[in-house]
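Asks: Just need the structure, nothing else, for what follows:
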Amino acid sequence: SMLRKLFHSMPARQYYKLMLRSNGYLKKKAIAPIAKVIALIINPLLTCHHHFKWRQIAPAADVTVCDIESIDELTRFLPEATGLLGEIKVHRSAEYLSWRYKKNPRANVRIVGAFKKNQLIGYVIYHLSTIDTIKIGRIVDSDIFSPESISKNLSALYLHAAKCSQRLGAEQILITLNDNASIEAAKHTGFIVRETDSELFVYYKDAKPDDPIYL
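Replies: Purely as a prediction, here's the structure:
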(Lines give C-alpha, C1' and ligand atoms only; values in the text may rest on other atoms or scores of the structure.)
Protein backbone atom coordinates (compact mmCIF):
# COMPACT_ATOMS: atom_id res chain seq x y z
CA SER A 1 0.00 0.00 0.00
CA MET A 2 0.99 3.65 -0.27
CA LEU A 3 1.47 3.94 3.50
CA ARG A 4 3.80 0.93 3.59
CA LYS A 5 5.92 2.52 0.85
CA LEU A 6 6.13 5.83 2.71
CA PHE A 7 6.74 4.48 6.19
CA HIS A 8 9.19 1.97 7.64
CA SER A 9 7.80 -0.68 9.97
CA MET A 10 9.39 -1.10 13.41
CA PRO A 11 9.72 -4.34 15.40
CA ALA A 12 6.67 -4.52 17.64
CA ARG A 13 7.00 -4.28 21.37
CA GLN A 14 6.04 -7.50 23.08
CA TYR A 15 4.27 -7.57 26.43
CA TYR A 16 5.22 -10.46 28.70
CA LYS A 17 3.52 -11.66 31.86
CA LEU A 18 4.66 -13.90 34.69
CA MET A 19 1.70 -15.25 36.66
CA LEU A 20 2.59 -15.57 40.34
CA ARG A 21 -0.90 -16.33 41.66
CA SER A 22 -4.15 -17.05 39.84
CA ASN A 23 -6.68 -15.36 42.13
CA GLY A 24 -7.21 -12.11 40.22
CA TYR A 25 -7.12 -13.76 36.81
CA LEU A 26 -9.70 -16.37 37.77
CA LYS A 27 -12.07 -13.81 39.28
CA LYS A 28 -12.28 -12.20 35.84
CA LYS A 29 -13.11 -15.54 34.23
CA ALA A 30 -15.51 -17.13 36.74
CA ILE A 31 -17.85 -16.17 39.57
CA ALA A 32 -16.04 -15.56 42.87
CA PRO A 33 -16.87 -18.81 44.75
CA ILE A 34 -15.81 -20.98 41.80
CA ALA A 35 -12.70 -18.88 41.19
CA LYS A 36 -11.71 -19.28 44.84
CA VAL A 37 -11.97 -23.07 44.68
CA ILE A 38 -10.02 -23.31 41.42
CA ALA A 39 -7.33 -20.99 42.81
CA LEU A 40 -6.79 -23.38 45.73
CA ILE A 41 -5.67 -25.96 43.17
CA ILE A 42 -3.84 -23.75 40.66
CA ASN A 43 -1.80 -21.66 43.10
CA PRO A 44 0.14 -24.63 44.58
CA LEU A 45 0.78 -25.88 41.03
CA LEU A 46 2.14 -22.45 40.07
CA THR A 47 4.36 -22.45 43.15
CA CYS A 48 5.78 -25.87 42.25
CA HIS A 49 6.32 -24.85 38.64
CA HIS A 50 8.23 -21.70 39.64
CA HIS A 51 10.24 -23.58 42.25
CA PHE A 52 11.65 -26.06 39.76
CA LYS A 53 12.08 -23.54 36.93
CA TRP A 54 13.75 -20.92 39.13
CA ARG A 55 16.20 -23.45 40.59
CA GLN A 56 17.89 -23.46 37.19
CA ILE A 57 18.49 -19.69 37.24
CA ALA A 58 21.60 -18.15 38.76
CA PRO A 59 23.97 -15.33 37.81
CA ALA A 60 27.47 -16.04 36.57
CA ALA A 61 29.74 -17.55 39.25
CA ASP A 62 31.53 -14.26 40.02
CA VAL A 63 28.39 -12.09 39.98
CA THR A 64 26.24 -11.11 42.97
CA VAL A 65 22.62 -9.96 42.65
CA CYS A 66 21.22 -7.78 45.44
CA ASP A 67 18.82 -4.94 46.21
CA ILE A 68 19.86 -1.33 45.65
CA GLU A 69 18.28 1.04 48.14
CA SER A 70 17.66 4.13 46.01
CA ILE A 71 18.15 5.84 42.66
CA ASP A 72 20.95 7.88 44.25
CA GLU A 73 22.76 4.66 45.19
CA LEU A 74 22.20 3.27 41.69
CA THR A 75 23.66 6.35 40.02
CA ARG A 76 26.72 6.22 42.28
CA PHE A 77 27.55 2.79 40.88
CA LEU A 78 26.44 3.56 37.31
CA PRO A 79 29.24 3.21 34.73
CA GLU A 80 29.69 5.94 32.15
CA ALA A 81 29.49 3.43 29.30
CA THR A 82 26.22 3.01 27.41
CA GLY A 83 24.37 -0.19 28.28
CA LEU A 84 24.22 -3.11 25.86
CA LEU A 85 20.47 -3.82 25.70
CA GLY A 86 18.89 -2.67 22.44
CA GLU A 87 20.53 -0.86 19.55
CA ILE A 88 18.73 2.50 19.38
CA LYS A 89 17.48 3.70 22.76
CA VAL A 90 17.56 6.38 25.42
CA HIS A 91 20.99 6.62 27.06
CA ARG A 92 20.24 5.79 30.68
CA SER A 93 22.64 8.27 32.23
CA ALA A 94 22.61 9.25 35.90
CA GLU A 95 20.77 12.44 34.94
CA TYR A 96 18.13 10.52 33.01
CA LEU A 97 17.51 7.96 35.77
CA SER A 98 17.29 10.72 38.38
CA TRP A 99 14.82 12.66 36.24
CA ARG A 100 12.65 9.66 35.47
CA TYR A 101 12.56 7.97 38.86
CA LYS A 102 13.71 10.39 41.56
CA LYS A 103 12.14 13.66 40.40
CA ASN A 104 8.94 11.95 39.31
CA PRO A 105 6.56 12.19 42.32
CA ARG A 106 4.61 9.12 41.14
CA ALA A 107 7.63 6.85 40.70
CA ASN A 108 7.83 4.56 43.73
CA VAL A 109 10.36 2.08 42.42
CA ARG A 110 12.53 -0.76 43.67
CA ILE A 111 15.93 -1.59 42.24
CA VAL A 112 18.05 -4.71 41.96
CA GLY A 113 21.65 -4.72 40.74
CA ALA A 114 24.20 -7.26 39.54
CA PHE A 115 27.77 -6.66 40.75
CA LYS A 116 31.09 -8.14 39.71
CA LYS A 117 34.05 -7.22 41.94
CA ASN A 118 32.03 -4.30 43.34
CA GLN A 119 31.35 -2.97 39.84
CA LEU A 120 27.75 -2.61 38.64
CA ILE A 121 27.27 -4.74 35.52
CA GLY A 122 23.47 -4.61 35.30
CA TYR A 123 20.27 -3.47 36.99
CA VAL A 124 16.51 -3.80 36.89
CA ILE A 125 14.00 -1.21 38.11
CA TYR A 126 10.48 -2.33 38.99
CA HIS A 127 7.44 -1.16 40.93
CA LEU A 128 4.19 -2.49 42.31
CA SER A 129 0.71 -1.08 41.88
CA THR A 130 -2.84 -2.18 42.68
CA ILE A 131 -5.44 -2.38 39.91
CA ASP A 132 -8.98 -3.54 40.77
CA THR A 133 -7.67 -4.95 44.09
CA ILE A 134 -5.06 -7.01 42.22
CA LYS A 135 -1.44 -6.20 43.06
CA ILE A 136 0.72 -6.14 39.93
CA GLY A 137 4.47 -5.81 39.58
CA ARG A 138 6.00 -4.21 36.52
CA ILE A 139 9.61 -4.14 35.38
CA VAL A 140 10.02 -0.65 33.92
CA ASP A 141 13.73 -0.38 33.14
CA SER A 142 16.83 -2.50 32.85
CA ASP A 143 20.29 -2.49 31.35
CA ILE A 144 23.45 -4.57 31.19
CA PHE A 145 27.02 -3.22 30.92
CA SER A 146 29.08 -6.39 30.61
CA PRO A 147 28.99 -8.53 27.43
CA GLU A 148 29.74 -11.71 29.42
CA SER A 149 26.80 -13.98 30.30
CA ILE A 150 24.18 -11.36 29.43
CA SER A 151 21.20 -13.74 29.36
CA LYS A 152 22.33 -15.54 32.52
CA ASN A 153 22.80 -12.34 34.55
CA LEU A 154 19.67 -10.66 33.19
CA SER A 155 17.57 -13.75 34.01
CA ALA A 156 18.90 -13.59 37.59
CA LEU A 157 17.94 -9.91 37.81
CA TYR A 158 14.43 -10.62 36.52
CA LEU A 159 14.11 -13.51 38.95
CA HIS A 160 15.12 -11.37 41.93
CA ALA A 161 12.49 -8.76 40.97
CA ALA A 162 9.85 -11.48 40.50
CA LYS A 163 10.56 -13.10 43.88
CA CYS A 164 10.48 -9.74 45.69
CA SER A 165 7.20 -8.86 43.96
CA GLN A 166 5.79 -12.24 44.96
CA ARG A 167 6.74 -11.74 48.63
CA LEU A 168 5.03 -8.35 48.54
CA GLY A 169 1.78 -9.92 47.35
CA ALA A 170 1.92 -9.37 43.59
CA GLU A 171 -0.23 -11.78 41.57
CA GLN A 172 1.60 -11.14 38.33
CA ILE A 173 4.58 -9.21 37.02
CA LEU A 174 4.65 -7.54 33.60
CA ILE A 175 7.42 -6.40 31.29
CA THR A 176 7.55 -4.76 27.86
CA LEU A 177 10.43 -5.80 25.59
CA ASN A 178 11.64 -5.54 22.01
CA ASP A 179 15.28 -6.63 22.07
CA ASN A 180 16.34 -10.25 21.69
CA ALA A 181 18.61 -10.45 24.75
CA SER A 182 15.88 -9.26 27.13
CA ILE A 183 13.23 -11.46 25.51
CA GLU A 184 15.44 -14.54 25.82
CA ALA A 185 16.15 -13.81 29.50
CA ALA A 186 12.49 -13.11 30.28
CA LYS A 187 11.33 -16.36 28.67
CA HIS A 188 13.98 -18.27 30.62
CA THR A 189 12.61 -16.73 33.84
CA GLY A 190 9.09 -17.90 32.99
CA PHE A 191 7.48 -14.89 31.33
CA ILE A 192 5.06 -15.64 28.50
CA VAL A 193 3.89 -13.37 25.67
CA ARG A 194 0.74 -11.53 26.65
CA GLU A 195 0.14 -9.47 23.52
CA THR A 196 2.00 -7.57 20.81
CA ASP A 197 1.61 -4.00 19.63
CA SER A 198 -0.41 -3.37 16.52
CA GLU A 199 1.72 -2.36 13.56
CA LEU A 200 3.74 0.80 14.11
CA PHE A 201 5.52 2.77 11.44
CA VAL A 202 8.15 5.49 11.32
CA TYR A 203 9.63 7.44 8.45
CA TYR A 204 13.21 8.59 8.21
CA LYS A 205 15.43 9.61 5.32
CA ASP A 206 16.98 6.77 3.32
CA ALA A 207 15.12 4.09 5.30
CA LYS A 208 15.90 0.51 4.31
CA PRO A 209 13.72 -2.53 5.09
CA ASP A 210 16.44 -4.33 7.10
CA ASP A 211 17.46 -1.38 9.30
CA PRO A 212 17.13 -2.26 13.01
CA ILE A 213 14.80 0.31 14.51
CA TYR A 214 13.86 0.00 18.18
CA LEU A 215 11.37 2.00 20.23
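
Asks: Where is the longest helix in the chain?
Replies: helix 32-54 (DSSP state H).

Asks: May I see the buried residues of it?
Replies: Using 16 or more other Cβ atoms under 10 Å as the test for burial, helix 32-54 gives 35, 39, 42-43, 46, 50, 54. For every residue, glycine as well, the C-beta is placed using N, CA and C.

Asks: Likewise for stretch 153-170?
Replies: 153-162, 164-166, 170.

Asks: Now, those that are in helices?
Replies: Short answer: those in helices (DSSP H) are 153-162, 164-166.

Asks: Using a markdown table, lay out these together with pLDDT and distance to residue 67.
Replies: Converted to a markdown table, those look like this (pLDDT from 0 to 100; distance: Cβ to Cβ, whole Å):
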| residue | pLDDT | distance to residue 67 |
| --- | --- | --- |
| 153 | 98 | 16 |
| 154 | 98 | 17 |
| 155 | 98 | 17 |
| 156 | 98 | 13 |
| 157 | 98 | 11 |
| 158 | 98 | 14 |
| 159 | 98 | 13 |
| 160 | 98 | 8 |
| 161 | 98 | 10 |
| 162 | 97 | 14 |
| 164 | 97 | 8 |
| 165 | 97 | 13 |
| 166 | 96 | 15 |
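
Asks: Looking at those, spot the one nearest residue 106.
Replies: Taking Cβ to Cβ as the measure, residue 106 lies nearest residue 165 of these, at 18.4 Å.
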